[in-house]
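1. This is a predicted model, with the sequence first.
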Amino acid sequence: MNSYSIFGTALHRLAILCYVVFALFPLFWLLKVSVTPNDLLYSEGVRMWPSRMSFEHFRFVLVHSAFPVFFRNSMIVAGATAVIVTLLASLSGYALSRFTFRGKYWLVALMLLTQMFPLVMLVAPIFKMLSPLGLTNSLTGLVVVYTAFNIPFATFLMQSFFDGIPKELEEAAKIDGATQFMAFRQIILPLTLPGIAATLGFVFTAAWSELLFALMLISGNSAATFPVGLLTFVSKFSVDFGQMMAAGVLALIPACLFFLFIQRYLVQGLTAGAVKG
Amino acid sequence: MASIDIRNVRKNFGIVSVLHGVDLSIKNGEFVVLVGPSGCGKSTLLRMIAGLEEVTEGEIRIDGKRVNERAPKDRDIAMVFQSYALYPHMNVAENMSYGLRIRKAAREKITAAVSNAARKLELQPLLARRPKALSGGQRQRVAMGRAIVRQPKAFLFDEPLSNLDARLREQMRAEIKKLHRDLGATSIYVTHDQIEAMTLADRIVAMHEGVVQQVGSPLELYDRPANLFVAGFIGSPAMNFLSARYEVSGETAGARLPDGTLIALSSAYQLEEGAAVTLGIRPEHVEMSPASEGSLRATVDLIEPTGFGIILHLGLHGLPFNVFTLDRAALTAGPTVTVAFPPQHLHLFDETGKRALESSLQKGKG
Ligand SMILES: Nc1ncnc2c1ncn2[C@@H]1O[C@H](COP(=O)(O)OP(=O)(O)OP(=O)(O)O)[C@@H](O)[C@H]1O
Ligand SMILES: [Mg+2]
């Protein structure tokens, strides 16, 4: 390695470091506030770490608040949405990638169109539609809405992953004796695992942190999701930052676990060696 | 193993017509090579036989049975792709056995078939590797192995060697030939490569713009090309063409070049006196000789030694004209040379580009 490339590498690493610090600092602040006792929160000025740590906020959130319920609700909603959307999007993405059919152009245009409306515009009509069906104030209702809103983007995402898999692989499988579905399941799907993981992760986090619809469609604590629950820490007269941040830290845990679980599928290069290239 | 019959097959992609009625009968065990310039429809024809493209019109029969409507999996053929198309998430053994596994063959049978194919292709040490850990040549072998384990009715090859370097290509060419000798399987092989076509084929099918131009043994196509396209396509360096007018006088027939030179022909043709013709001669058949009757002077533009022989790029009345010779003396030729055309090596094509038909010389006419 010559001195120029050492310098270049160092610069590269430094840039990455800056970015990581920038991206992670809010998370660090979240953690810091959550372990700061209430009496030190406003008295110590701006410090990187409180002089005394306490887990009282965590205890309060877990034991005395409705947080565990919010947490469970969010898990159900985000998990179900992620699985359903990924399943449907991988089928529709495959169809868009591989087949030509009548109305394909218009279907894609329609799906793009749905992405162009500000969601706020749709809150009232959706409430009107879900209410007679008994889907307001229910987790099922949220899953339905989130699924509907996430499918177009997830479909395009999956389509781009399918597009990256050479068509000849399926053709080879079909000639080898596979049906279209077998070729999809045995050849294409295993190669799309990174795409599936990415879609799962994307939809999960989107549903996990969605606030607008959760706020509008749900009233009361029993079906509230975690972002709505966070607002319960805001009272008329004050905001309980310590407890709110503690809840926030706890809410990060499943998202972290989820990404830890899918990260090995996220690594690219699974299709290397399929075709000469 | 099977025979394949292609009857008046047409293919349209939307409004674009790609194949305009192809007829071809391939006998059981025959090795047929499809050649033609890029975009002439070779791959399309192959893919229709495999069942990957629908047949717009006409009929494809395998072993006498119509297969137009059959899915690829029910045709029992194997195909080797130019890109190899190996399954990246399976190792070599799994790649080769996939076809047998989904047909639910017995385990012992699969093991036997895979190890048999691996031995033939010298793949035994690589059986546990993934495709990405293989060289181009090894991937090519795996693709071949995947085709032969199933013992299909026919093999289809779409430019299987074009991604290999020249040396490896030569080696694999010989192996494919050996494989065909051993297995005797009906094969259709698409290539751009002249030498592959000439060396492998029992019969060559020359295609141009979706139409079959000529079908015949390699030497038939080389010796008696049916039209200007085949004449120009088969052979490297390509055949030289000269415009001329057909003349016959008594016992001799000839072609008069625009500059007035009369080139003697070895026989008469079924042509009108004075008909416009194209005279063809292969670079390797041109003689470089001292000036004599019917010989022409040409300027030397470029000398290309290939090691084996020498290619001379000449200018003949301002038109490019190539000569191939084994005579090293040609290296110092120039600035002009004299070329002569032995009558037995001349090809004559009529106005429409078709090979002119010969006729016996009629005495006392003209
Ligand atoms: N799916 C398709 N849609 C429209 N046109 C197509 C399609 N596939 C092939 N073609 C056209 O059909 C013609 C023949 O293509 P084909 O791939 O059979 O050529 P080829 O002889 O195999 O050429 P090459 O030697 O370059 O592989 C080309 O003009 C091509 O553009
Ligand atoms: Mg092709």
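-> Looks like it arrived, so ask away. Ligands and ions are numbered 1, 2, ... in the order given.

2. which residue does the stretch 101-250 of chain A bring closest to ligand 1?
-> Here the stretch 101-250 of chain A gets closest to ligand 1 at one residue, residue A:167, 10.2 Å apart by C-beta to the nearest ligand atom. In this view, the C-beta of every residue, glycine as well, is placed from N, C-alpha and C.

3. Look at residue A:266 and report its pLDDT.
-> Residue A:266 is assigned 66 on the pLDDT scale.

4. what's the offset of the host helix or strand of residue A:16 from the middle of its chain?
-> Here residue A:16, judged by DSSP states H and E, is contained in helix A:3-34. Offset of helix A:3-34 from its chain centre (C-alpha atoms, centre = their mean, to the nearest Å): 23 Å.

5. could you point out which element follows it?
-> Following helix A:3-34 in sequence order, the next helix or strand is helix A:38-41 (DSSP H and E).

6. Residues touching that following helix, excluding its own?
-> A:33, A:50, A:51, A:52, A:56, A:241, A:242 (C-beta atoms under 8 Å, 6 or more residues apart in numbering or on different chains).

7. if we can go back for a sec, average pLDDT across the helix holding residue A:16?
-> Helix A:3-34 shows an average pLDDT of 91 in the prediction.

8. Buried residues, that helix. List them.
-> A:30, A:31, A:33, A:34 (16 or more other C-beta atoms under 10 Å in any protein chain shown).

9. Equivalent analysis for stretch B:265-273, please.
-> Quick answer for stretch B:265-273 (16+ other C-beta under 10 Å): B:265, B:268, B:269, B:271.

10. From chain A, how far off is the third one?
-> For residue B:269, the distance to chain A equals 48 Å [C-beta to the nearest C-beta, to the nearest Å].

11. With the last one instead?
-> Counting by C-beta to the nearest C-beta, the gap between residue B:271 and chain A amounts to 49 Å.

12. Helix, strand, or coil at the closest residue to that residue other than its chain neighbours?
-> Spatial nearest neighbour of residue B:271, excluding adjacent residues (C-beta to C-beta, 6 or more residues apart in numbering or on different chains): residue B:246 at 4.6 Å. Judged by DSSP: H, G, I helix; E, B strand; the rest coil, the three-state class of residue B:246 is strand.

13. Residue B:246 is in contact with residue B:270, isn't it?
-> No - contact criterion C-beta atoms under 8 Å: residue B:246 and residue B:270 do not qualify, at 10.1 Å.

14. and residue B:323, what helix or strand is that in?
-> Using DSSP H and E, the element containing residue B:323 is strand B:319-325.

15. pLDDT averaged over that strand, what's the number?
-> 94.

16. For residue A:183, which non-adjacent residue is spatially closest?
-> Residue A:183 sits nearest to residue A:173 (C-beta to C-beta, 6+ apart), 4.0 Å away.

17. In contact with that neighbour, which residues?
-> A:182, A:183, A:186, A:187, B:87, B:98.

18. my guess is residue B:30 meets residue B:204, correct?
-> No - the pair residue B:30 / residue B:204 is not scored as a contact, 11.5 Å apart, by C-beta under 8 Å.

19. Compare the two (neighbour count), which wins?
-> residue B:204 (26 against 20; other C-beta atoms under 10 Å in any protein chain shown).

20. The more buried one: what secondary structure?
-> Three-state assignment for residue B:204 (three-state DSSP): strand.

21. So it is in contact with residue B:33, correct?
-> Yes - at 5.1 Å, residue B:204 counts as touching residue B:33 under the criterion of C-beta under 8 Å.

22. Now for the two: what residues contact both?
-> residue B:197.

23. which residues touch the strand holding residue B:323?
-> By C-beta under 8 Å, 6+ apart, the list of residues contacting strand B:319-325 reads B:237-238, B:240, B:242, B:282-284, B:286, B:288, B:298, B:301, B:309-315, B:330, B:337, B:339.

24. What of stretch A:221-228?
-> The contact list for stretch A:221-228, computed with C-beta under 8 Å, 6+ apart, reads A:66-67, A:69-71, A:73-74, A:77, A:137-139, A:142, A:208-211, A:214-215, A:218, A:229, A:232, A:247, A:251.

25. Can you give me the buried ones in it?
-> The neighbour-count check on stretch A:221-228 (16+ other C-beta under 10 Å) flags A:223, A:224, A:225, A:226, A:227, A:228 as buried.

26. Roughly how far does the last one sit from chain B?
-> Using C-beta to the nearest C-beta, one gets 42 Å for the distance from residue A:228 to chain B.
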